[in-house]
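Novice: A structural model of the following input is requested.
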Amino acid sequence: MTSDPGTPTLDQLKVFLTVVDVGSFAGAARKLNRATSVISYSIANLEAQLGLSLFDRHSTRKPQLTDQGRTVLAEARTVYGGVDNLRAKVKGLLQGLEPEVHLALDVMLPTERIVDALKAFRTEFPTVTLRLHMEALGGVTQLVLDGFAGVGVSGPLPGNAGVAGVERIGVGNVVLIPVAAPDHPLVRSHRRPGAGREHVQLVLTDRSPLTGKIDFAVTSPRTWRLADLGSKHMLLKAGIGWGNMPLPMVREDIEAGRLVHLDLPDSRGGVYSLEAIYRTDTPPGPAASWLIERFKQQASGANSIRETKQNAARSKPLKRASKRSPNRKRSAGLSRKSARASL
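Specialist: Predicted coordinates for the structure are as follows:
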């Protein structure tokens, strides 16, 4: 046996893998539309080039891999699979598909939406490399403006005019609510006007010049500034201050009693709008455009579900009123009028 193996051809590797997959030389011949003698000759040449026996042809009727053959098999699959990946990537490039997408996402975007989009993206574009950046507030827009990200999902910026040179497409929103740990002093007095101003408020901030010096929904003069939403979440649960958080991120904490939804008269939270963005001078390619469309579909789906629930609630039949005194009827009528007025 030689100690300096030769270089097998891709066709030899293809024949080798086919024999292994179908379990016989004759089966490989039928699958590859070749004569059995040609398959045997290809395997013999491959073994001669590598300087070792890949199959045991003597102890069984069907060719069985030797120990050396099993080792070569793993490498052969890697090499041949790499060629398939190369061909798929080149095919995508010829069709105008981006080799990679740099995506910047706002930390407020719910995890469920991110996972849904990226899992589907991996299936739809297996050859496209994804670079994911997570930023807060104006950080997403800054990455897109600076060219570090081709497309992003950003939160609101000051004013409604947006940023020059950046296209914006609405992709839904997320509800923000004020929360604190159950043992935080504010929980006992949160319905009193001005109570939030007496305690430290944890505030998410960023380093971009777009929003770095601008406060969003800051009520208390006593603030701790954090650039990471996960750290803010951790400190809130530890009872260090209060602050606004995206509802999807804290829903389980509220249900489990780890956080309390505060009813602050002067800080009710609000709706945090989300927009897909990209530079107008570098429009997204097919893969990045698909991501934008996915985020739009998510928002449309959420709106449809919300409208269905609202319509179902409105269409519930009223229970027939039982006999009651005139006074009770009058009071019931007033209650119904009051309820309608508060909607």
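Novice: Tell me if I'm right that Glu47 and Asp56 touch.
Specialist: No. Counting by CB atoms under 8 Å, Glu47 stays clear of Asp56, with 11.8 Å between them. Just so you know, the C-beta spots here come from the backbone N, C-alpha and C atoms, and that holds for glycine as well.
Novice: more neighbours, those two?
Specialist: A direct count of neighbours by other CB atoms under 10 Å for Glu47 and Asp56 places Glu47 higher, at 21 against 14.
Novice: List phi and psi for Leu105.
Specialist: phi -120, psi 140 (degrees, to the nearest 10).
Novice: which regions of the chain sit below the pLDDT cut-off?
Specialist: Along the chain, segments meeting pLDDT under 70 span 1-3, 85, 88-89, 91-95, 158-162, 190, 209-217, 302-343.
Novice: Who are the contact partners of the residue positioned nearest the centre of it?
Specialist: Centroid check for the chain by CA atoms, centre = their mean gives Ile114 as the closest residue, at 1.8 Å. Residues near Ile114 by CB atoms under 8 Å, 6 or more residues apart in numbering: Leu105.
Novice: same thing with Asp11?
Specialist: Ser42.
Novice: element containing it?
Specialist: Taking DSSP states H and E as the criterion, Asp11 maps to helix 10-22.
Novice: all helices of the stretch 51-200 of the chain, in order?
Specialist: 67-94, 111-124, 139-145, 186-189 (DSSP state H, counting those that start in this stretch).
Novice: Could you point out which of these sits nearest Val179?
Specialist: Nearest to Val179 among the helices of the stretch 51-200 of the chain is helix 186-189; the distance by CB to CB comes to 9.7 Å.
Novice: start to end distance for stretch 120-133?
Specialist: End-to-end distance of stretch 120-133 (CA to CA, to the nearest Å): 18 Å.
Novice: in that stretch, what counts as buried?
Specialist: 121, 125, 127-128 (16 or more other CB atoms under 10 Å).
Novice: from those, which is closest to Ser208?
Specialist: Looking across the buried residues of stretch 120-133 and measuring by CB to CB, the closest to Ser208 is Phe121, at 25.7 Å.
Novice: For that closest one, list the residues it contacts.
Specialist: With CB under 8 Å, 6+ apart, Phe121 has these contacts: 128, 130, 287, 290-291, 294.
Novice: export those residues to a markdown table and tack on distance to Thr71?
Specialist: Shown next, in a markdown table, are these (distance: CB to CB, whole Å):
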| residue | distance to Thr71 |
| --- | --- |
| Val128 | 32 |
| Leu130 | 33 |
| Ala287 | 37 |
| Trp290 | 40 |
| Leu291 | 41 |
| Arg294 | 42 |
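Novice: Among these, which are located in strands?
Specialist: Using DSSP state E, Leu130 are the members of the contacts of Phe121 that sit in strands.
Novice: Tell me which two of the contacts of Phe121 sit farthest apart.
Specialist: By the measure CB to CB, Val128 and Arg294 form the most distant pair in the contacts of Phe121, at 13.6 Å.
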